[in-house]
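Asks: sequence and predicted model, in that order:
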There are 2 protein chains.
Amino acid sequence: MQRPFVHPAIEDVTIGSVLYALADPTRLEIVKKLSRGSCGLNCSEAAPADLPKSTQSHHFQILREAGLVKSERRGTEVVNALRCAEIEKRFPGVVSSILKASEKAKKR
Amino acid sequence: MQRPFVHPAIEDVTIGSVLYALADPTRLEIVKKLSRGSCGLNCSEAAPADLPKSTQSHHFQILREAGLVKSERRGTEVVNALRCAEIEKRFPGVVSSILKASEKAKKR
DNA sequence: TTCCGTAGTTCAAGATCATTGAACTATTGA
DNA sequence: TCAATAGTTCAATGATCTTGAACTACGGAA
């Protein structure tokens, strides 16, 4: 058995770590992709194409530790999903407005 | 005459640079302090106590470049203010919800 | 049940970025 | 004109990020 993923309780999530996680362009991309699909995505699907796997792994770990992403092993792959509802309840408007803002930026 | 401050036009401000600027704990503190006072604050007033001036200078430059802060020279000092209204219009809810979230965090 | 392919993790090293002391510029007031 | 105040710039050190290489775990094929 591999060592299981650790996810912080939502009340231990800090706005600092959320901002830190979202401030990286690669991680923001991942979060945007996760927010679009309703079901979870594995790491390679969620990450930008051609991102080395070691880098993927690192970014997902930060997203998990920040409380933004929930990861679950399914056979050989890891299925990742945004913790939308929880985060929205803990920090109302933060992630949703950032996602809205970053979709807008893409359209210009 | 010193070289004048450069402030990006609000439409050139990106969500990426805003997040990057706010993700640093020192800069988030500065922004919080600026958001409380209605009039501008000079650099030393707005920055956490005991932060070296060279570091202050660096953080204010990033806040300016991100489009979050407007700086103006007044005699020997620099008066800094949040570009609240502009940012709120460009990225509705982003900065306001982050400020709200970070005030909440402090209360616990 | 062994072997192979897929998916992801860990580690260490090089590359990149942040912090700060020291020296500097600009402005004001004595 | 001099000294004090406020902030800037630069270079060096220290911290952090990225990634190739080696590894683990699981599932499917034979």
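Replies: On my side now, so go ahead.
Asks: every contact and neighbour count from this point should use C-alpha atoms.
Replies: Fine.
Asks: A:Leu34 belongs to a helix, doesn't it?
Replies: Yes - read with DSSP: H, G, I helix; E, B strand; the rest coil, A:Leu34 is one of the residues of a helix.
Asks: how many other residues sit next to it?
Replies: 23 (other C-alpha atoms under 10 Å in any protein chain shown).
Asks: who touches it in this structure?
Replies: A:40-41, A:46, A:80-82 (C-alpha atoms under 8 Å, 6 or more residues apart in numbering or on different chains).
Asks: 7 Å - rerun?
Replies: A:40-41, A:46, A:81-82 (C-alpha atoms under 7 Å, 6 or more residues apart in numbering or on different chains).
Asks: farthest pair within the residues you listed?
Replies: By the measure C-alpha to C-alpha, A:Ala46 and A:Leu82 form the most distant pair in those, at 11.1 Å.
Asks: ok so, going back, just name the closest of the contacts of A:Leu34 to A:Thr26, please.
Replies: When these are compared for distance to A:Thr26 (C-alpha to C-alpha), A:Ala46 comes out closest, at 10.3 Å.
Asks: where does A:Leu41 fall, phi/psi-wise?
Replies: With angles defined as degrees, to the nearest 10, A:Leu41 sits at phi -130, psi 150.
Asks: err, A:Arg74, not the other one
Replies: phi -130, psi 100.
Asks: give me the distance between it and A:Gly40.
Replies: Between A:Arg74 and A:Gly40 the computed distance is 11 Å (C-alpha to C-alpha, to the nearest Å).
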